[in-house]
Structure formats: structure tokens, C-alpha cells
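Chemist: Build me a structure from this.
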Amino acid sequence: MRILIVEDDTIARAVLSRVITQAFECTVAQHHNGFEALADCAGTAPDLILVDYQMPGMNGVEFIRRLRRDARFEHVPVVMITAEIARDVLIEAIEAGATDFLRKPVDPQELKVRARNLLGLREAQLKLADRARLLASEVAQATRRLIEREEEIIWRLARAIEHRDGGTGEHIARVAAISRIIAEEMGLEPEHCRNIYLGAPLHDVGKVGIPDSILNKPDRLSPEEFKTMQDHVTFGASILSNGDSDLIRVAEAIAAAHHEKWDGNGYPRGLAGEAIPVEGRIVAVADVFDALCQRRAYKPAWCPDEARAEIVAQSGQHFDPACVAAFERGWERVVSFLRAEDAAELA
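Modeler: Have a look, this model is predicted:
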């Protein structure tokens, strides 16, 4: 334990120090004014402070008031030593944050008893604080593990769906990453951006309900087949409906709305403008951009700049102009991500 004595009288300070060191195993720091004592506290927090009321430059009440402004010393016990018995002085000291009082001349036995009680209280406070920090750390670790498991389950499920659709998982990873870039460039809250990033890989989860003959057809779909394919949006929304977590609710919005169009010509509900959930509007940009960049049986792969130009050209028609503007602001980040993906494939 470390005890701070703030007393301008040299003899009184020496007496207090001697009584304390004889009674307790502790470190005692002595100061003759409040300014030095506050500077000392800033370096090493004390466990008990004995402060005189009447001191030049800064009295004991002002010392306590300044000390309590620092949250680190909110619960450090402070004993004011004073010859003053005026009620207004005592009230002022209590309001400033004094824990206890000792009258001058100080009775050594009374000082020992009060100091013992306050040091015991301080020790209990420190143990409680340590326990709280330990619990907070354990909760944080458990939360991280839950988040990691949540993310792993989502990615494995999304990759299974992508494999069934003839992909290898790269499409969902790219759509997720680009969706997050757009969300961040739009200034959405970090937790919302994370949920969009993790919900985006499930945008086509409803394809589990589409027949293989349509899902894996190498040629362009007929009008009837395309209509059946459109049902994957409804299936996906149903699979993810009534979720308890914000993440699943975001994933449901994405699955249900990523084929809606800003001008109302999308499906399945023909929503327009801001009636389309923002998560669906964001993923629509990322999904179409990546689809354009991929080779299909019925089309060659577009280069990223060509796909970008098409996204911009469809602003206000297929896509939300705000999402397209955010995509444009984050273009260098998109390019960096695509380069990293290409480098990883070559490695």
C-alpha cells in the first residue's frame, strides 16, 4: 500500500509519517503542498491520502476537488486533517470528496484505526476491480469465440451453396468484401458494416430450392426457367426469416432484396428507391459487378474497368445512386482487393 501525506508543517508531517510507518507495512510519500502531491499522484496512484486543510497556495478542499476530477482517483480514500470545526468547512470538504476527518492535534491511536479501516476498504476495492477486469476479459474472449464460430458457420454454409451453383467460393468472398467497402464508404456504423459483410455471402442461399437442371444449365435460361430461378430470392428470405440476431435480419434483407432495382423493375416485389432495404441496394452493386467480371457460358468476363463503367451507367436505374457513389469513392480499395485476390490465386 502507498500512503500520501500532504502537510505544510514539517513537524506534523514527520509525526504522521512515523505513526503510519510504525503501524503498517507501506510506502509513505510526503509533500508540503497540494501541487506537488497532485503531480506525484499523476505518476503513481496512492491507496490512502492524508491532507491538511490549511495550506498555502491550495487548501485541502481544493486539493481533493482537483484530485477527484481524475477518474483514476475516484475511490481513493482521503482523510482531511483540520483544526477547523465550522460546519460549512466540513460540508465543503465532503462535497469535494473527503472520505473521513481527523482533528488536530491528531490522536495516534485514532489515526491508526481510521487508516486501518480505510486501507482495508481500499484493498477490497482493488480486489473487486481486479475481479471485474478478469471477468470482462473472460467475457470478451468468450464473445470473440462466439463471433468466430458465427462467422465460420456462415462462410461454410455460403461456400456449400456456391459449390452447388458450380462456383468455388470466390464469388461470395468478393461480393462480401466489396459490399463492406460500399457500406463503409456510405458511413454506416461499424457493426452494420460487419453484418452486411457477413450477410452478403448468404445472398443466394435460396438456390438450395432450385432444381439442378436449372441451376447448373450451361446455356442461357429460357423465360420459364428464369422465372423459376427468380424463386431463389423468395426461398432465401424464407430460410432466413424470423431471425433473432441483427446479423440474420440483415442477411434476410439482403437475400430478399438484392435483385430489386432502384427504378422498380426488379424482382420479386418490384420495390423502388428507398423502399428497398439499404443492405439489398449495397449487395446488388457488389453482386452485379462481380458477376460481370466472371466468365459465363453465355458471356466472356469483363475487365474491372468495364464492369465499373456499367455500374456507373446504371446509377439511378438498376442501382441506388448513393451506393454507386460510395462504390466510386472506394474504387481504389476495390482494385486493391481484386489484386490481392489475383495474387493469392497465383501463389
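
Chemist: use CA for all of it now, contacts and neighbours both
Modeler: Noted.

Chemist: shaky segments in this structure?
Modeler: For the chain, residues meeting the criterion pLDDT under 70 lie at 165-169, 297-298, 343-347.

Chemist: Count residues in the vicinity of residue 73, would you?
Modeler: Using other Cα atoms under 10 Å, residue 73 is surrounded by 17 other residues.

Chemist: That one against residue 47, yeah?
Modeler: No: Residue 73 is beyond contact range of residue 47, at 9.1 Å (criterion: Cα atoms under 8 Å).

Chemist: all helices in the stretch 1-150 of the chain, in order from the N-terminus.
Modeler: Assigned by DSSP state H, counting those that start in this stretch, the helices in the stretch 1-150 of the chain fall at 10-23, 34-43, 60-68, 87-96, 108-164.

Chemist: how about the nearest residue to residue 315, chain neighbours excluded?
Modeler: Of all residues not flanking residue 315 in the chain, residue 321 sits nearest, at 5.0 Å (Cα to Cα, 6 or more residues apart in numbering).

Chemist: now swap in residue 13 and tell me
Modeler: Nearest to residue 13 is residue 7, by Cα to Cα, 6+ apart, at 5.6 Å.

Chemist: Contacts only, for the one you found.
Modeler: Taking Cα atoms under 8 Å, 6 or more residues apart in numbering, we find residue 7 in contact with 13, 30-33, 51-52, 55.

Chemist: do residue 235 as well
Modeler: Counting by Cα under 8 Å, 6+ apart, residue 235 touches 205-207, 209.

Chemist: Could you tell me how many residues sit around residue 262?
Modeler: Neighbours around residue 262, by other Cα under 10 Å: 23.

Chemist: doesn't it fall inside a helix?
Modeler: No: assessed with DSSP: H, G, I helix; E, B strand; the rest coil, residue 262 is coil; it does not lie in a helix.

Chemist: wait, isn't it in contact with residue 316?
Modeler: Yes: with contact defined as Cα under 8 Å, residue 262 reaches residue 316; the gap is 6.2 Å.

Chemist: and the closest residue in space to residue 74 that isn't next to it in sequence, how many neighbours?
Modeler: If the residues on either side of it in the chain are set aside, residue 74 comes closest to residue 68, at 5.4 Å by Cα to Cα, 6+ apart. Using other Cα under 10 Å, residue 68 is surrounded by 17 other residues.

Chemist: which residues sit in contact with the closest residue to residue 54 other than its chain neighbours?
Modeler: Nearest residue to residue 54 in three dimensions, chain neighbours excluded: residue 60, at 6.4 Å (Cα to Cα, 6+ apart). When contacts are counted by Cα under 8 Å, 6+ apart, residue 60 touches 34, 51-54, 80.

Chemist: Ranking by neighbours, what's the top pick from these?
Modeler: residue 51 leads these on contacts (other Cα under 10 Å) with 31 neighbours.

Chemist: quick one: contacts for residue 172?
Modeler: Contacts of residue 172 (Cα under 8 Å, 6+ apart): 158-159, 162, 200-201.

Chemist: can we see that at 6 Å?
Modeler: By Cα atoms under 6 Å, 6 or more residues apart in numbering, the contact set of residue 172 is residue 201.

Chemist: returning to that earlier point: mind putting the contacts of residue 235 into a markdown table with neighbour count?
Modeler: As requested, these are exported to a markdown table (neighbours: other Cα atoms under 10 Å):
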| residue | neighbour count |
| --- | --- |
| 205 | 26 |
| 206 | 23 |
| 207 | 22 |
| 209 | 16 |
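
Chemist: In CSV: these, plus secondary structure and distance to residue 122.
Modeler: Output for the contacts of residue 235, formatted as CSV (DSSP: H, G, I helix; E, B strand; the rest coil; distance: Cα to Cα, whole Å):
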residue, secondary structure, distance to residue 122
205, helix, 57
206, helix, 60
207, helix, 62
209, helix, 64
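
Chemist: one step back: residue 181: which of the helices of the stretch 1-150 of the chain is closest?
Modeler: Proximity to residue 181 (Cα to Cα) singles out helix 108-164 among these, at 18.0 Å.

Chemist: Now the element after the closest one, going C-ward?
Modeler: Going down the chain from helix 108-164, the next helix or strand is helix 170-185, by DSSP states H and E.

Chemist: Report the buried residues of that next one.
Modeler: Neighbour counts over helix 170-185 (16 or more other Cα atoms under 10 Å) mark 171-185 as buried.

Chemist: likewise stretch 59-76?
Modeler: 60-65, 67-68, 73, 75-76.

Chemist: what about that stretch, how long is it end to end?
Modeler: Counting by Cα to Cα, to the nearest Å, you get 18 Å between the two ends of stretch 59-76.

Chemist: ok, now stretch 196-206?
Modeler: Start and end residues of stretch 196-206 are separated by 17 Å (Cα to Cα).
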